[in-house]
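Engineer: return atomic coordinates for the entry below.
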Amino acid sequence: MALKYYYDLMSQPSRAVYIFLKVNNIPFVPKPVALRNGEHHTDEYKKLNPFSLVPVIDDDGFVLTESVAILKYLALKHNVPDHWYPRSDLQAQARVDEYMNYQHLNTRYNCGMIFQQLVIIPRAMRAPVQWPMVENARNRLETVISQLDSYFLKGNKPFLCGSDISVADLLGVCELMQLYASCEENIYESNAVVKAWVDRVKERTAPYFEESNKIVNKVRGVYAKQKEAQQNAKL
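Structural biologist: Here you go, the predicted structure:
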């Protein structure tokens, strides 16, 4: 049976897995889950994933619910090119794992916090933005951007974990692109090393990167109009 992939492309890790599947020509049955409509909270979906999150894969009855585990599983099962998740070099594999463990409370947490506060909370919950939380996340993210530059991309490495792209790069760039939806991309674009890395990942994953980010671009347009209206109201 074909792999079933449950996702919402507004979700950063969902986009990372989607791009990986597409770039590597891994066939799958798309199973979109509209988070904005609460489809992840239905009883039917909770039977599949009791955590009510995306992405999820169902590989002929084998269900996996965490993006990092999904990417590693798919890379190993489908024997994709070794640079995605190295099998032949233990140290190279450890470098990919190093970033994927780092990102949870750094890149992912802070990008997600900014997006949640600027987009999700005011639109979905009709609640005011908690600006102290936004500023704290921005400050922490500036540290993350510096660490991406000085540690993961140290020595003019073209990608986070070495000379070629890996699943770590997909996760990292998809998180940073969430800032684009909330008009906050300048946080990473101000760092030339990090911006160049983001551009390389986009180029290597074309055309699927842009395909997966259509909804991000749409949300950015809506948010930009909302900000403009708020600014005009203050005049």
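Engineer: quick check: domain ranges of this structure?
Structural biologist: Here the domain parsing of the chain from automatic domain parsing is 3-77, 90-234.
Engineer: out of those domains, which gets nearest to residue 83?
Structural biologist: Smallest distance to residue 83 across these (CB to CB): 3.7 Å, for domain 90-234. Bear in mind the C-beta positions are built from the backbone N, C-alpha and C, glycine included.
Engineer: buried sites along the host helix or strand of residue 136?
Structural biologist: Taking DSSP states H and E as the criterion, residue 136 maps to helix 131-147. For helix 131-147, the neighbour count (16 or more other CB atoms under 10 Å) marks 134, 137, 140, 141, 144, 145, 147 as buried.
Engineer: mean pLDDT lowest where, among the domains of the chain?
Structural biologist: Lowest mean pLDDT of these: domain 90-234, a mean of 92.
Engineer: which residues in this structure form helices?
Structural biologist: 12-23, 43-48, 67-77, 90-102, 107-115, 121-124, 131-147, 167-181, 186-189, 192-204, 208-212, 214-234 (DSSP state H).
Engineer: just those helices: most buried one?
Structural biologist: Comparing the helices of the chain by mean neighbour count (mean count of other CB atoms under 10 Å), helix 167-181 ranks first with a mean of 26.
Engineer: send the alpha carbons of stretch 131-143 over as PDB?
Structural biologist: The C-alpha coordinates for stretch 131-143 follow below in PDB (Å, rounded to 0.1, in the frame of the first residue of the first chain):
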ATOM      1  CA  TRP A 131       4.400  42.000  23.000                       C
ATOM      2  CA  PRO A 132       6.800  41.100  25.800                       C
ATOM      3  CA  MET A 133       6.600  37.400  24.700                       C
ATOM      4  CA  VAL A 134       7.200  38.500  21.100                       C
ATOM      5  CA  GLU A 135      10.200  40.600  22.000                       C
ATOM      6  CA  ASN A 136      11.700  37.800  24.200                       C
ATOM      7  CA  ALA A 137      11.300  35.400  21.300                       C
ATOM      8  CA  ARG A 138      12.900  37.900  18.900                       C
ATOM      9  CA  ASN A 139      15.900  38.300  21.300                       C
ATOM     10  CA  ARG A 140      16.300  34.600  21.700                       C
ATOM     11  CA  LEU A 141      16.000  34.100  17.900                       C
ATOM     12  CA  GLU A 142      18.800  36.600  17.300                       C
ATOM     13  CA  THR A 143      21.000  34.300  19.400                       C
END
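Engineer: nearest spatial neighbour of residue 31, chain-adjacent residues omitted?
Structural biologist: residue 6 (4.4 Å; CB to CB, 6 or more residues apart in numbering).
Engineer: what is the burial count for the one you found?
Structural biologist: The number of residues packed near residue 6 is 23, by other CB atoms under 10 Å.
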